[in-house]
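K.L.:
Any chance you can model this:
(2 chains)
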Amino acid sequence: MSARNRELFALVPVALLLTAGFTAVFAQESSQLDNLSLIYGAYFFAVCLATHIYLRIRLPFADPYLFPLAALLMAFGLVMIYRIDASLARDQANWFVLGLVLFALTIQFLRDYDVLERYRYTIAVVGLLLLLAPRLPGIGQQVNGAYLGVKAGPLAFQPAEFSKICLVVFLASYLREHREVLIVGARRVLGVTLPPLKHFGPMLVVWGASMFMLVFIRDLGSSLMFFAAFLALLYVATGRFSFVAIGMAMFLVGAWFFAATVPHVHDRVDVWLDPYAHPQTSGYQILQSIFAEADGGLFGKGFGQALVTVPGTHAPLLPAAQTDTIYSLIVNELGLFGASAVILIYLLIAARGFKIALLAADGFSKLLATGLTAVFSIQAFVIIGGVTRVIPLTGVTLPFISYGGSSIVANFVLLALLLLVSDRARREIGAGERSGDFALGRA
Amino acid sequence: MNRQIIKLFGLVVALFALLIGFTSYWSVFDASALKQKDANKRPLLEQQQIKRGRILAADGTVIARSVPKGHGAGLRYVRRYPEGSLYGHPIGYSFVQQGDSEFEQFHNDELVGNESEFGSILDQLRGANQEGSDVVTNLDPAAQTTALEDLREAGFGAVVAIEPQSGRVRVMASNPPYDPNRVPYELSKLNTNELERPLFDRATQGQYPPGSTFKVVTAAAGLESGTITPETPIDAPGSLEVEGTPLENDFGESFPGATLDTALTHSVNTWFGQLGQRLGNDTLFEYMERFGFNSTPAIDLPADEVSKSGVFDEEELLGANDPVDLARVAIGQERLAVTPLQMAEVAAAIANKGKQMKPQIWSRVVDPDGRVTKRLDPSQYSQPISAQTAEELTTAMEGVVSEGTGTNAEIPGVPVAGKTGTAETPGNEACGGGEEENQAWFIGFAPADDPKIAIAATVECTEEFGNDVAAPIFRDVAETILNGE
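P.N.:
From the prediction side, this is the model:
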């Protein structure tokens, strides 16, 4: 079976799952079956089918599993969000379509993605400006003590979501060029391998940007996500674990310093360590999140059965259920098994992403695929880890599931870039072996 | 670079495994501990979404039911008590914010349908909503109404009526009552009303000096232990010096060579005082314990909402080895404090030929499909006295009503056995510190030859005697129950 046919067959169960999910929610809400779920399922399938046909034409060799996996996460998200608030789900569906449009446009205009390398400093500057934007007067927005959003007229978005792509593109390009020097020029000082200072300047800029985010944007989650992606790329590019160790030490020292001095960061850490200290205020979200998970058990309460608000009121029982804590809601309704399935989907996406990196021929493609996959996986880890108290809870979205246009659009752009790299890598292998699929089993 | 990429993937796998590990911990391994946390309102809110079963009187009158509010995910049930304050005690209340009490709390598992773990798992699998069972009580609406109305006339106090052969509680009334429907709005007001203490169930928690009603226990101990027979004469002077203080009969009347019948009929203090001294600590306490004193009553109410009866030093229960003025314990004075429930049980045990049954408010549990899933199987608590002793006591107690201190308990055409009690409680702060305040009692059963009901009635802070205020309540409640048979 060709790669694209596999994709098509994978999309069918995804659409059926979405239909089943909506059916369950409708059954719970009105105790009756409604053919609306079939209509939604058909819409969803039609949109996916259109995207699939576009991919068939444009990227025939691209990885066949990534798009169905992303669609599967979207299906989870749409059902969960519909169950919280139908109007939010309509927004989300619109963003899904918008995300796919940008997905297609990215594929259309970046077929030759090497062009990105030429503009790497521009891209880096754009990334930094995007990060700065929420602090700019007039358009910046503060949410829960963090500066995450930008609002200009009717357009509101979270620039960090796009900034992460810029950062990965820049780092992939920069490290592709300088990895040799970073390795060769390294010196051992007191038993520790240090990178050459000259070439390390831009790296320090990334560290600075992460610290900057911590202090001025007060976005612990994005800061963690960016820096982890940076370390992942640095490690893959140089193969020097000591670089990673140094970077990690720098981040920890910086984070510790700012945790002690910046109240917002400090509070987040305190709440993480002892949420029961203030169960009604600062500890409310993480506690309610864990209580929601405790309520789920092995199999969960079923679609539409969990309590999101205090019954009969609009008082949130699970705060930010459609964004930050949507994973807790999934645990609540689908149980440990359902939640593990979601994590497994992210793991499969990571596996496919890293496989693309393995197959890619040139350094930039390899690093780009690695970076995009890493930043995507880490984002999922940061928010799921946040709501399960593995790490402090921060306001990062759960990719493809959480409510939010920026997140969906940005992650579809990320996906498009991954598929572009994949198409080229597999086309090259396929040219040698006459089959795009055969290489799959071998790599 | 491929080696590093594979290692990086390994790290991602490890991190995601960590997430699954933490998720398992919260959702499964630590889940029950998390559900116990005070900050976790989910268990309460979810219970609110369960249709709690009804509580019914013996005749099917609805005492408590749950009504739906809202719909869809906002659906919840709120408790309603159609009879208002009539059953505030002993039924209690159940609300999400205010918690639950008394019968509602004790029978919570049946009422929310938690009876069988297996059943609820099956229900979960087939997605059925959990629904509670109805609990039918033994309470008699007419008699409960009579008891509460009479108490309202007489003053603060309590009435407990038990079916002797089964232990079924037919009446449990406490005055002042409260309306459980008001609990969501004024719980703190009800809680802080120190003057009336309406949430305090006087029937099971009120600890009162029993006065002369306790002479029945002393007599039971005397007969059963063989210390006396119904024919044993004891010289009872008008006044007797005990522990440096004179123990006196009413009007200083003396009863030379009196037997049990005379002593009980006229409630002769010096007679029972001497009997108590003859019994000794060990024997009297042994018989008290046989009747259930010093133990938490075996009734279907939360253990922390029923009081023990016995001789108290402040909060501490005294036993046979503690120094007590036995002559005064024998006539229901000293530091003796008893609940109306305990005295009703004493009367019921004598009525049931010496066999004391466990008092139970519930009668049967009916599931939402109308099937009776549990039925009260009356069980014996103890046998404090033999059938013969019970018969001898009954004869003496009949004399009390027919020609003695308890004539107001007489029911035309029905032989009644009973005993009055009037414990002087001068300076009792609960009564406002008046010098003439009494704790008035009547315990007894009817018909004496074929007992259908045993009753304890008590009125606190009254200037009147047991025969004047408590005996009429006994008569009215007994008549109501006997007429309803």
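
K.L.:
CA only for contacts and neighbour counts going forward, please
P.N.:
Fine.

K.L.:
Can you classify A:L11 by secondary structure?
P.N.:
Following DSSP: H, G, I helix; E, B strand; the rest coil, we place A:L11 in the helix state.

K.L.:
In contact with it, which residues are there?
P.N.:
The contact partners of A:L11, by Cα atoms under 8 Å, 6 or more residues apart in numbering or on different chains, come to A:45, A:48-49, A:68, A:71.

K.L.:
now do A:L8
P.N.:
Contacts for A:L8 were tallied using Cα under 8 Å, 6+ apart; they are A:49, A:52.

K.L.:
if we go to 10 Å?
P.N.:
A:48-49, A:52-53, A:56, A:64-65, A:67-68 (Cα atoms under 10 Å, 6 or more residues apart in numbering or on different chains).

K.L.:
Please report how far A:H266 lies from A:S282.
P.N.:
Distance, A:H266 to A:S282, using Cα to Cα, to the nearest Å: 12 Å.

K.L.:
no no, A:L317
P.N.:
14 Å.

K.L.:
Tell me who's in contact with whichever residue of the stretch 101-250 of chain A sits closest to chain B.
P.N.:
In the stretch 101-250 of chain A, the residue that lies nearest chain B is A:V236 (5.0 Å; Cα to the nearest Cα). With contact taken as Cα under 10 Å, 6+ apart, A:V236 is in contact with A:175, A:179, A:230, A:244, A:366-367, A:370-371, B:1-8.

K.L.:
same thing with A:C166?
P.N.:
A:116, A:120-128, A:130, A:160, A:172.

K.L.:
Can you show me the helices along the stretch 201-350 of chain A?
P.N.:
A:220-238, A:241-261, A:263-273, A:284-296, A:326-359 (DSSP state H, counting those that start in this stretch).

K.L.:
how about the last one, does it reach chain B?
P.N.:
Yes. With Cα under 10 Å from any Cα of the partner chain as the criterion, chain B is reached by helix A:326-359 at A:327-328, A:331-332, A:335-337, A:339-341, A:343-344, A:346-348, A:350-351, A:353-355, A:357-359.

K.L.:
quick revisit: would you list the buried entries among the contacts of A:V236?
P.N.:
Buried members of these, counted by 16 or more other Cα atoms under 10 Å in any protein chain shown: A:175, A:179, A:230, A:244, A:366-367, A:370-371, B:2, B:4-6, B:8.

K.L.:
that older thread, and the helices of the stretch 201-350 of chain A, which is most packed in?
P.N.:
Stretch with highest mean neighbour count among the helices of the stretch 201-350 of chain A: helix A:284-296 (a mean of 27; mean count of other Cα atoms under 10 Å in any protein chain shown).

K.L.:
now it, how far from the centre of its chain.
P.N.:
23 Å (Cα atoms, centre = their mean, to the nearest Å).

K.L.:
tell me the angle of it relative to helix A:326-359?
P.N.:
On the basis of axes from the mean of the first three to the mean of the last three Cα atoms, to 10 degrees, helix A:284-296 is oriented at 90 degrees to helix A:326-359.

K.L.:
Restricted to strands, list the contacts of A:C166.
P.N.:
Using DSSP state E, the subset of the contacts of A:C166 located in strands is empty.

K.L.:
Drop anything exposed from those residues.
P.N.:
A:116, A:120-121, A:123-124, A:126-128, A:130, A:160, A:172.

K.L.:
Quick check: of these, which lies closest to A:F76?
P.N.:
A:A160 (23.5 Å; Cα to Cα).

K.L.:
Among A:L317 and A:S282, which residue is more densely surrounded?
P.N.:
Between A:L317 and A:S282, A:L317 has the larger neighbour count (other Cα atoms under 10 Å in any protein chain shown), namely 22 against 17.

K.L.:
My guess is that one contacts A:S328. True?
P.N.:
No. Using Cα atoms under 10 Å, A:L317 makes no contact with A:S328, being 11.7 Å away.

K.L.:
tell me, what's touching the two both at once?
P.N.:
In terms of Cα under 10 Å, 6+ apart, A:L317 and A:S328 are both contacted by the residues A:288-289, A:291-292.

K.L.:
Check those one by one and keep those near chain B.
P.N.:
Among the shared contacts of A:L317 and A:S328, the ones lying near chain B by Cα under 10 Å from any Cα are A:288-289, A:291-292.

K.L.:
so A:A62 sits in a strand?
P.N.:
No. Going by three-state DSSP, the assignment for A:A62 is coil, not a strand.

K.L.:
Could you tell me how many residues sit around it?
P.N.:
For A:A62, the count of nearby residues is 27 (other Cα under 10 Å).

K.L.:
Just the pLDDT at it, thanks.
P.N.:
pLDDT for A:A62: 92.

K.L.:
do A:G432 as well
P.N.:
You'll see A:G432 listed with a pLDDT of 55.
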